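> Let's see this in three dimensions:
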Amino acid sequence: MTTDVTISDRAARRIGEILKGEGSGAMLRISVEGGGCSGFQYKFDIDRARADDDLVIERDSAVVLVDSASRPFLAGSEVDFVDDLIGASFRVNNPNATASCGCGTSFSI
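Numbers count the residues shown, from 1 in each chain. As a prediction, this is how the structure comes out:
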């Protein structure tokens, strides 16, 4: 299985819009934490500091960071942005998840 994390075109556009409003040096950090209704949950934060062991994904004006502890949980995932009837949100299409909650913010492995 690939260790890469990819960003869809829609997600890159939306991340770029968000970062533009945050000023120079802003990056989106995606991490995985314990909790949520399925065991783990995705966390999205604006960050200005890049660690030496961060995975850095750059696409167009989007810069995404993934810390080394979260990287194995996200291996092979694609981050997408969806705007549907239940609202607009980032969605992680994670091949490692064996189950997820209805809203897509938590998962189990």
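> quick one: average pLDDT of the helix or strand hosting residue 32?
Using DSSP states H and E, residue 32 falls within strand 27-34. The average pLDDT for strand 27-34 rounds to 91.
> Show me which positions of that strand end up buried.
Using 16 or more other C-beta atoms under 10 Å as the test for burial, strand 27-34 gives 27, 28, 29, 30, 31, 32. The way it works is simple: take the backbone N, C-alpha and C, and place the C-beta from them, glycine included.
> same question, stretch 66-84
Those would be 66, 67, 70, 71, 73, 74, 75, 77, 78, 79, 80, 81, for stretch 66-84 by 16+ other C-beta under 10 Å.
> residue contacts, residue 73?
Contact analysis of residue 73 by C-beta atoms under 8 Å, 6 or more residues apart in numbering lists 32, 40, 94, 96, 109.
> Run the chain-centre distance for the host helix or strand of it.
Using DSSP H and E, the element containing residue 73 is helix 71-74. Centroid separation between helix 71-74 and its chain, computed with C-alpha atoms, centre = their mean, to the nearest Å, is 10 Å.
> Only alpha carbons, please: show that helix as CSV.
C-alpha atoms of helix 71-74 as CSV (Å, rounded to 0.1, in the frame of the first residue of the first chain):
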residue,chain,number,x,y,z
ARG,A,71,1.1,9.4,8.7
PRO,A,72,0.5,5.6,9.1
PHE,A,73,-3.2,6.1,9.7
LEU,A,74,-3.5,8.3,6.6
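> And the next helix or strand past it?
Following helix 71-74 toward the C-terminus (DSSP H and E): strand 78-84.
> Listing partners with orientation, what would you give for that following strand?
strand 6-7 (parallel), strand 87-93 (antiparallel) (DSSP bridges).
> can I get the ones you listed in CSV with mean pLDDT?
CSV is the format used below for the strands paired with strand 78-84 (pLDDT from 0 to 100):
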stretch, mean pLDDT
strand 6-7, 94
strand 87-93, 84
